[in-house]
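Undergrad: Next one to model:
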Amino acid sequence: MEMDHVFICVNHDGRGAESLKTLGLVEGTPNVHPGQGTANRRFFFRNAFIELLYLTDESEARSQLTAPTRLFDRLTCTEGVAAPFGVCFRPSTVGEKPLFPVWEYRPVYLPAALSVDVGHAPVSEPMWFFLSFAKRPDEAPIERAQPFEHPNGFRDITSVRVITPDNQAFSSAAQCANQLEGFAIVQGHEHLLIVEIDHGASGQTHDFRPGMPMIMNW
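TA: Numbers count the residues shown, from 1 in each chain. You can find the predicted model right below:
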């Protein structure tokens with residue numbers, strides 16, 4: 001099991017995406033999620049991608065189908081309780097299953113044979129989920145290929161660190177994620193995502209706060 005992508009809940013005004021583009025990243029194609037009430041903007045690297053997720057339809061996001069994902073809570077939380085993040089994993093070997101207990105979420109925008117395996121965890125942690133059909137961006141078929149060569153030279157996401165202000169014991173999903181190379185979730189003072197690009201070789205950093213709870217090191 002390895003990380004496929006991370007999502008960050010943002011406002012729909014696009015400021016988060018523009019700040020990433022200003023940093024020298026090329027934007028991939030956006031997606032709309034019919035029935036889920038969300039849409040996204042995406043930035044791809046060779047091995048993973050960053051998704052900026054925003055609310056488009058409150059009634060869909062609070063529907064009987066979508067409500068158990070707690071996406072609405074993450075997208076609208078202003079009190080700092082819900083983590084505004086999600087972490088998606090994929091198989092690292094053929095046929096690999098998620099390493100943590102899951103329930104099946106079947107959004108209408110996916111083919112009937114596919115599902116999102118969602119981990120059981122408090123909303124103070126990221127949404128943990130697993131896509132059995134996901135692949136590295138640099139292994140995508142040509143008809144689904146996304147841009148992952150950037151003017152600033154960024155190539156790979158080499159580590160992700162999630163900080164949560166919640167002090168309760170971590171869920172099984174979080175504990176499993178903490179065993180993966182290049183990933184960590186720790187307790188701290190605020191919800192924050194720290195993304196390392198190319199092992200931080202240049203020693204540079206950019207703090208996207210307050211617009212977006214992310215720091216990027218490269």
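
Undergrad: can you list the weak-confidence ranges in the chain?
TA: Scanning the chain for pLDDT under 70 picks out 78.

Undergrad: could you redo the last one with a cut-off of 90?
TA: For the chain, applying pLDDT under 90 flags the ranges 11-15, 77-80, 144, 166-167.

Undergrad: Show me the helices in it, by range?
TA: Along the chain, the stretches classed as helices by DSSP state H are 15-22, 58-61, 71-76, 172-177.

Undergrad: so which of those helices comes closest to residue 141?
TA: Closest approach to residue 141 among the helices of the chain (Cβ to Cβ): helix 15-22, 25.1 Å. Every C-beta, even on glycine, is put in place using the N, C-alpha and C of the backbone.

Undergrad: same for the closest one, what does it pack against?
TA: Applying 3 or more Cβ pairs under 8 Å, 6 or more residues apart in numbering; DSSP states H and E, we find helix 15-22 packed against strand 38-44, strand 49-55.

Undergrad: Let's have these in TSV, adding mean neighbour count and distance to residue 80.
TA: Listed next are the helices and strands packed on helix 15-22 as TSV, based on neighbours: other Cβ atoms under 10 Å; distance: least, Cβ to Cβ, whole Å:
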stretch	mean neighbour count	distance to residue 80
strand 38-44	22	21
strand 49-55	22	18
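
Undergrad: out of the ones you listed, which comes closest to residue 195?
TA: Checking these against residue 195 by Cβ to Cβ gives strand 49-55 as the closest, at 7.1 Å.

Undergrad: just to revisit the earlier point, now the helices of the chain as CSV including distance to residue 118?
TA: Output for the helices of the chain, formatted as CSV (distance: least, Cβ to Cβ, whole Å):
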stretch, distance to residue 118
helix 15-22, 24
helix 58-61, 15
helix 71-76, 10
helix 172-177, 9
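
Undergrad: quick revisit: now the helices and strands packed on helix 15-22 in TSV, with distance to residue 164?
TA: Compiled in TSV, the helices and strands packed on helix 15-22 are given as follows (distance: least, Cβ to Cβ, whole Å):
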stretch	distance to residue 164
strand 38-44	22
strand 49-55	18
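
Undergrad: These: which one's closest to residue 119?
TA: Between residue 119 and the helices and strands packed on helix 15-22, the shortest separation by Cβ to Cβ is 17.2 Å, and it involves strand 49-55.
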